[in-house]
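J.: got a structure for you, letters missing:
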RNA sequence: CGGGGAGUCGCACAGUCCGGUAGUGCACGAGCUUUGGGUGCUCGUCGUCGCGGGUUCAAAUCCCGCCUCCCCGACCA
């Protein structure tokens, strides 16, 4: 793989000119024709130098994969924010589609609430304010005025202070609570099952692209129920939706579990989450589902009249998943050559690369390529015929490889003669080519997509399972936390107190990721204090 | 916000100590050449050296202030 290739060679041969999708005919004169194009900036983003390997520097590797995959770049003009580029956003859109379909299938409806929340709303739920106060960006003024002082450049000045400042939503429980109280009167209005796709802002100390940015995109589900049991059922249903999505669509194995008091959502009775292991062995929380109890119902006066005519507060839930999932996707599957995408989320699933030596060969090969392309389209695959003349085949391979395209197909004169094409899987060594008949290529590649999807999941699961270890003493705990320079998940007994959790964190940087829902109770003794414990929890260093 | 590192063309970097016309490789443009894993050659284009002040005949370089990014903490989806 690339890691073995001398850096100099990579450096001096780098080159990706532009990205064209579809056939020349389809493209016409539209996209990027005749003007300095987006394609140019793509080429620039992806130019030269090798990707850092995972073992060299995982954090650097992560950023390289994002840059070379043309997913996003830091918004250097806005602190802690990122620009999600088309290829990165296309992945997010696929995530959205898959999740949204599952939300609708479980009876939820989409709605949209204001970005700005009256500051007073935040104050209504005590634990909630405490959790989010420091992260809030606050809007205090409106209007700008141009000011021209003598001898100085014109500048802008802020005009009118607001009577009540607004907070830019860090999450929408409060404002949605407010509207729920207007919308709900009777048990007949329940359950109320709402989802919102939105951006939120949390003024984080330290940011990393996709994993933690000041502004991020997410979905937040908010539901209200007549009973606590019903709300809890919802909490687990949606946790299940996340887990199923993560495993079957992202091919990312997850552990479902409950958060400890320390890690619980501010204002919730209990929080559940799915936790995934990244390739450096660290944990990533990939989706959360909260039992809000009646906390927000009471804070926002969300009441209903039950069947027997009594007034009760509703039981609420909220659950969310964010663009962080894209970060998880990257760190679960990608390799030292760049991005690796599971077929279910790959904006481009197949890239066809024609091989030819002269115009006569070119027209034959491109024609065959276009037939293959159409077969793939008919089979429901998203496919590109890369017939760019300005790039040689090798350069095209590198480009699609770095962008994570699951399958690359080569069609050359030899293939046309034998009626086959050469297929390379992104999840396998590029030298391991297979030959596939051109007739029925759509069907065979569709089949292959399923195999790749499964294989990615199995590989990630094998890695995770191998690094999910049971420890019973604190010495073993500290030893097992890092093996071969990578983290592990430790199944250990814990005495259930925040104090012990804190001490372990101080001593090892490991936190309790969750109390797993799967598995059975197993009495034992806390690794730190030796006090009795009913169940093992998962400790790990986390993102 | 504390500790460390860094900001020079699209990317990666040299130049900064010791002030004197802003460089290299890749990318980008043109041409020829080449095409089953980053073709080769020739000629060319692109910079208010992160921002704002100051010192100086002269500032990428020295001084002051600020901003941003990366890493390690604390905080977190």
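T.: Thanks, I have the structure now. Note that the coordinates shown come from a computational prediction; the quantities given were computed from them, not determined experimentally. Numbers count the residues shown, from 1 in each chain, chains lettered A, B, ... in the order given.
J.: so where do the helices sit in the stretch 1-150 of chain A?
T.: With DSSP state H, counting those that start in this stretch as the criterion, the stretch 1-150 of chain A has helices at A:7-13, A:24-27, A:38-45, A:58-68, A:86-105, A:119-122, A:126-132.
J.: Of those helices, which shows the lowest average pLDDT?
T.: When those are ranked by mean pLDDT, helix A:7-13 comes last with a mean of 24.
J.: and residue A:198, how many neighbours?
T.: Residue A:198 has 18 neighbouring residues, counting by other Cβ atoms under 10 Å. Placement of C-beta: from N, CA and C, glycine included.
J.: Oops, could you answer that again for residue A:447 instead?
T.: Residue neighbour count, defined by other Cβ under 10 Å, stands at 12 for residue A:447.
J.: Could you do the one 3 residues further on as well?
T.: Residues within reach of residue A:450, counting by other Cβ under 10 Å, total 11.
J.: ok, stretch A:224-238 near RNA strand B or not?
T.: No - for stretch A:224-238, no contact with RNA strand B is found by Cβ under 7 Å from any atom of the strand; the gap never falls below 14.2 Å.
J.: If you count contacts, what does the lengthiest helix in chain A end up packed against?
T.: In terms of residue count, the longest helix belonging to chain A (DSSP state H) is helix A:441-466. Contacts defined by 3 or more Cβ pairs under 8 Å, 6 or more residues apart in numbering; DSSP states H and E place helix A:441-466 against strand A:270-277, helix A:324-333, helix A:359-378, strand A:407-411, strand A:420-425, strand A:434-437.
J.: Using TSV, please lay out the ones you listed together with mean pLDDT and distance to RNA strand B.
T.: What follows is the helices and strands packed on helix A:441-466, written out as TSV (pLDDT from 0 to 100; distance: least, Cβ to the nearest atom of the strand, whole Å):
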stretch	mean pLDDT	distance to RNA strand B
strand A:270-277	96	7
helix A:324-333	95	4
helix A:359-378	95	7
strand A:407-411	97	4
strand A:420-425	97	4
strand A:434-437	96	8
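J.: taking the mean pLDDT, what do you get for the longest helix of chain A?
T.: If you average the pLDDT over helix A:441-466, you get 98.
J.: Tell me the buried residues in it?
T.: By neighbour count on 16 or more other Cβ atoms under 10 Å, the buried set for helix A:441-466 is A:441-442, A:444-446, A:448-449, A:452-453, A:456-457, A:459-461, A:463-464.
J.: same thing with stretch A:94-111?
T.: For stretch A:94-111, by 16+ other Cβ under 10 Å, it's A:94, A:95, A:96, A:98, A:99, A:102, A:103, A:108.
J.: So that stretch, near RNA strand B or not?
T.: No - figure legend: stretch A:94-111 not in contact with RNA strand B (Cβ under 7 Å from any atom of the strand); closest approach 12.8 Å.
J.: and the angle for the longest helix of chain A with helix A:324-333?
T.: Counting by axes from the mean of the first three to the mean of the last three Cα atoms, to 10 degrees, helix A:441-466 lies at 80 degrees to helix A:324-333.
J.: Off-centre distance for helix A:441-466?
T.: Averaging C-alpha positions (Cα atoms, centre = their mean, to the nearest Å) puts helix A:441-466 19 Å from its chain's average.
J.: how much does that helix deviate in direction from strand A:420-425?
T.: Angle of helix A:441-466 versus strand A:420-425, following the same axes, to 10 degrees, is 20 degrees.
J.: Name every strand pairing with the next helix or strand after helix A:441-466 and say which way it goes.
T.: The first helix or strand that comes after helix A:441-466 along the chain, using DSSP states H and E, is strand A:468-470. Using DSSP bridges, the strands paired with strand A:468-470 in its sheet are strand A:489-493 (parallel).
J.: so for the partner strand, what's the average pLDDT?
T.: Across strand A:489-493, pLDDT averages out at 95.
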